[in-house]
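Engineer: Sequence first, predicted model second:
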Amino acid sequence: STWDTSVVYNQLENDYHISVIMYDISDIINVKQMQIDFLRNASHELKTPVTAISGFAKTLLGGAMDDRKTLVEFLKIIDQQSTQLTSLIQDVLTISHIQNGTPHHSQALELRKFVDTKLTGYSSMAKVRDITLVDEVPQDAVVSVDSQMLTRILQNLVSNAIKYNRSGGSVTVKYSANDSFWQLQVVDTGIGIAQKDISRLFERFYRADDSRTKQKVSGTGLGLAIVKELVDSIGGVIHVKSQRGVGSTFTVEFPINDESQTAQVDK
Ligand code: ADP
């Protein structure tokens, strides 16, 4: 532990009191260190697409654009890298919002309709990869939740389930509830996750080897960190079950209580 002290000096009539107060500030230092690490990693990740964009643009301007095939090829890379840059900036902003303690606005939500709409938003991405999207949420499911927050969570889980799937596979969203919590599951038939990666998936910027190198799937490595931080902020939990080559199931559980309906999360 790291300690900070402050001295309080009081005079009561002719008596002097000196109190020494000691604070355990290790948590504050840990948060600081996390913020420093985050900034360092974020800058590093942001530099990669910027370097590519400027490198390919300069090469084109230096004469390479006279060859039409090279021109098209390089412009495609510049376009992809700009998309990557945009995703990174969006995710970094989201993390900074979460850190600032975004207030939650819970409202009653018809979950079936909500999930349908979100899945429809991914239909073209799924079609290109020949993946079927299935909404198994019961028609009568109503939950109290911040819809923007749930959107963000579903977007990240569903887009991962599509990205790390196989052609002909499926992504299914399921719902269940009991007295104390309700849960959503995103089930995919994809590549699965190695045991050694599972414990690190929710770290900021962590990507399993396959996604970074072999598979060349685009991503920021922040999606699951964002999901976990959002779920944590309302006292929920997230867990994963996965088998290599068979698929993964991500489960998010939300507590059912009065607090979660009016919770203002300030950190
Ligand atoms: P990314 O932007 O790389 O998708 P995420 O934080 O969303 O970042 O996910 C972190 C890593 O977890 C991914 O790079 C991938 O290796 C792994 N992953 C996430 N979801 C799945 C999934 N449904 N199936 C297999 N691997 C996954």
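Structural biologist: Okay, I see it. Because the structure is a prediction, the values reported are computed rather than measured.
Engineer: Where does the prediction get shaky in the protein?
Structural biologist: Applying pLDDT under 70 to the chain picks out residues 210-215, 258-267.
Engineer: Name the residues of it found near the ligand, please.
Structural biologist: 156, 160-161, 164, 188, 190-193, 201, 206-208, 211, 219-225, 248 (C-beta under 6 Å from any ligand atom). Every residue, glycine included, has its C-beta placed from N, CA and C.
Engineer: These in helices, which ones?
Structural biologist: 156, 160-161, 223-225 (DSSP state H).
Engineer: Check the residues you listed and tell me the two furthest apart.
Structural biologist: Distances among those were taken as C-beta to C-beta; the most separated pair is 161 and 225, at 16.9 Å.
Engineer: More neighbours: the two, which one.
Structural biologist: Taking neighbours as other C-beta atoms under 10 Å, residue 161 and residue 225 compare with residue 161 leading, 27 against 22.
Engineer: Thought residue 190 was touching the more buried one, still the case?
Structural biologist: Yes - in this structure, residue 161 is within contact of residue 190 by C-beta atoms under 8 Å, at 6.6 Å.
Engineer: Pull up the overlap in contacts between those two.
Structural biologist: Here residue 161 and residue 190 have residue 248 as joint contacts, going by C-beta atoms under 8 Å, 6 or more residues apart in numbering.
Engineer: Could you say which helix or strand holds residue 171?
Structural biologist: Under the criterion of DSSP states H and E, residue 171 resides in strand 170-177.
Engineer: again with residue 39
Structural biologist: Short version, using DSSP H and E: residue 39 is in helix 26-61.
Engineer: picking that back up, the strand holding residue 171 pairs with which strands?
Structural biologist: strand 132-135 (parallel), strand 181-188 (antiparallel) (DSSP bridges).
Engineer: starting at the chain centroid, how far to that strand?
Structural biologist: Centroid separation for strand 170-177 versus its chain: 19 Å, with C-alpha atoms, centre = their mean, to the nearest Å.
Engineer: got it, and stretch 187-194?
Structural biologist: The answer for stretch 187-194 is 18 Å, by C-alpha atoms, centre = their mean.
Engineer: okay, it in CSV with CA atoms only?
Structural biologist: Output in CSV follows, covering the C-alpha atoms of stretch 187-194 (Å, rounded to 0.1, in the frame of the first residue of the first chain):
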residue,chain,number,x,y,z
VAL,A,187,-24.3,-17.3,-29.0
ASP,A,188,-22.1,-17.8,-32.0
THR,A,189,-20.9,-20.8,-34.1
GLY,A,190,-17.5,-19.2,-34.7
ILE,A,191,-13.8,-19.8,-34.3
GLY,A,192,-14.0,-19.9,-30.5
ILE,A,193,-11.4,-18.5,-28.0
ALA,A,194,-8.3,-20.2,-26.6
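Engineer: What is the neighbour count of residue 119?
Structural biologist: Residue 119 has 19 nearby residues by other C-beta under 10 Å.
Engineer: Summarise which helices and strands the helix or strand hosting it is packed against.
Structural biologist: Following DSSP H and E, one finds residue 119 within helix 111-121. In terms of contacts (3 or more C-beta pairs under 8 Å, 6 or more residues apart in numbering; DSSP states H and E), helix 111-121 is packed against strand 132-135, helix 147-163, strand 170-177.
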